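[1] Sequence unavailable; structure follows:
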Ligand code: ADQ
């Protein structure tokens, strides 16, 4: 076990998430290459120095043979990662099915997929059983590696069943659960056939966390209305104890972005971009290609803006970077072609032989390219139809200390609660509203831009990912101590 700077043992933190923070590529029968994927959660936990963190999760690959599993387990151990092996059928039913086809759209208020609503209803039961089974497999691995005093932090909608499985193994285990998506209104949650099972299981945790106070309130009211339990300002009374429910808004590792702007590679990318788009204002969208991000709505609003503002047609460009995800799901394939079609039409309508108004890229950018792009942008457009928080808006603000560009932000992103005062808030479903906001942002005077940027920059700088993770874990420790004191009284 590790010591901290004062020679004290560091508390162990088991972070349980569907995916490990590494991608594994098989090189031979018993050899693997691993690449760390730098997500928000990874950098958040890297910054938490007072705990010794280990990750438990699925490596994203099917490894049917024992030799391969042993070799991968060994390779991952060096990165402090512990794998959960899921076979193809479980992945299909649990991950693609229950998680991505049912919980994801429902938690974002999009309902069940339109075309196969009946098919989904029919396959619901088997997918839910696979979900329970997968969660039990995660619990088995956690239990094998758990040591007394460890803190177990479960993440996201994939693992709502986990707290209950863990507490069955050991009621003294300190268990926290955090949701990265919105928790919808209880009227929406009520439509889920497995609504009660999921709530009961999450309530088995000691601490339940959300990005915003609204999501926490929705959760408590679902417990009150669906399970008939008593909600208090601190949480929910459940089986003789209080399950603490609270908001823990995530942040980013802002210093990493700020520092990157001084790197030579980033400066070079910036120069190239400035040269390329000289004389034009740059508008930017960076999203995973997902229906919750409102990409078609954003592009249609930009079209409306160009339609009504002939003056701007050759003076502004929209760069939309959309990294494809869940590419094997038909709904996502449809979204990709829909976006391509709209972009093609608008470029045909407003482009010339030498320029087009929209540059759309279907790929991921590396960190340095991304920072350069954020830094040269005049107006960032985040038009999520729903979004737990939205870190892109934070990253943009962190990179704008020089330019003081404007953020147009959906009122349905969790980030609207923290960056709302500095951003122009919009309803992404209303293209006229977004088109008007684009005009306002492009014409905004420097003094107003500066004032708005300052507000958001202070927030992004002071509410970091590291602080988020540290606060959650210490609150979990405190919650358990308080509960023990209460039982002793
Ligand atoms: P996501 O839905 O993935 O996260 P977001 O919070 O915006 O959404 O984070 C996306 C991350 O991916 C950002 O760090 C961004 O830089 C990166 N990214 C996106 N497109 C990219 C591209 N084309 N190239 C390179 N990088 C790209 C979920 C929830 C969010 C919540 C987070 C964290 O849906 O609401 O904010 O988890 O809790």
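    Looks like it arrived, so ask away. For clarity, every value in this text was computed on a predicted model and none was experimentally measured. Numbering: from 1, shown residues only.

[2] And for residue 11, the neighbour number?
    19 (other Cβ atoms under 10 Å). All C-beta atoms are positioned from the backbone trio N, CA, C, and that covers glycine.

[3] what sits against the nearest residue in space to it that is not next to it in sequence?
    For residue 11, ignoring the flanking residues on the chain, the nearest one in space by Cβ to Cβ, 6 or more residues apart in numbering is residue 51 at 5.4 Å. By Cβ atoms under 8 Å, 6 or more residues apart in numbering, residue 51 lies in contact with 10, 11, 12, 13, 151, 473.

[4] can we see that at 6 Å?
    10, 11, 13 (Cβ atoms under 6 Å, 6 or more residues apart in numbering).

[5] Please apply the same query to residue 223.
    Residue 223 neighbours (Cβ under 6 Å, 6+ apart): 199, 229, 236.

[6] Would you mind measuring from it to the ligand?
    Taking Cβ to the nearest ligand atom, to the nearest Å as the measure, residue 223 falls 22 Å from the ligand.

[7] Then residue 109?
    13 Å.

[8] nearest residue to that residue other than its sequence neighbours?
    residue 386 (5.4 Å).

[9] Next, count neighbours for that neighbour.
    Neighbours of residue 386 using other Cβ under 10 Å come to 22.

[10] what's the answer for the one 10 residues further on, then?
    For residue 396, the number of neighbouring residues by other Cβ under 10 Å comes to 29.

[11] Need the three-state assignment for it.
    helix (DSSP: H, G, I helix; E, B strand; the rest coil).

[12] ok, the nearest residue to it once chain neighbours are set aside - contacts?
    The spatially closest residue to residue 396, leaving aside those adjacent along the chain, is residue 380, at 4.3 Å (Cβ to Cβ, 6+ apart). Residue 380 is in contact with 284, 396, 407, counting by Cβ under 6 Å, 6+ apart.

[13] surely the second one meets residue 374?
    It refers to residue 396. Yes: contact criterion Cβ atoms under 6 Å: residue 396 and residue 374 qualify, at 5.0 Å.

[14] Can you show me the helices along the stretch 301-450 of the chain?
    330-350, 367-376, 391-398, 416-419, 431-442, 446-462 (DSSP state H, counting those that start in this stretch).

[15] Show the contacting residues for the residue nearest to residue 109.
    108, 109, 182, 292, 412.

[16] Report the rounded mean pLDDT for stretch 154-163.
    Across stretch 154-163, pLDDT averages out at 98.

[17] before we move on, the earlier item: tell me the backbone dihedrals of the residue nearest to residue 109, please.
    Phi and psi for residue 386, reported as degrees, to the nearest 10, are phi -160, psi 150.

[18] tell me the contacts of residue 203?
    238, 243.

[19] typo on my end, residue 249
    So residue 249 contacts 211, 418 (Cβ under 6 Å, 6+ apart).

[20] that's a strand at it, yeah?
    No: read with three-state DSSP, residue 249 is coil and lies in no strand.

[21] circling back to that earlier point, closest to residue 71 out of the contacts of residue 380?
    residue 396 (41.0 Å; Cβ to Cβ).

[22] Assign the residue in the stretch 101-250 of the chain positioned nearest to the ligand to helix, strand or coil.
    At 3.6 Å from the ligand, residue 180 is the closest residue in the stretch 101-250 of the chain, using Cβ to the nearest ligand atom. Secondary structure, three-state DSSP: residue 180 is coil.

[23] State the distance from it to residue 154.
    Computed with Cβ to Cβ, to the nearest Å, the distance linking residue 180 and residue 154 is 11 Å.

[24] Repeat that for residue 415.
    Counting by Cβ to Cβ - residue 415 and residue 154 are separated by 23 Å.

[25] And for residue 84?
    12 Å.

[26] Of the two, which one has the most company?
    More crowded of residue 84 and residue 154, by other Cβ under 10 Å: residue 154, with 29 against 18.
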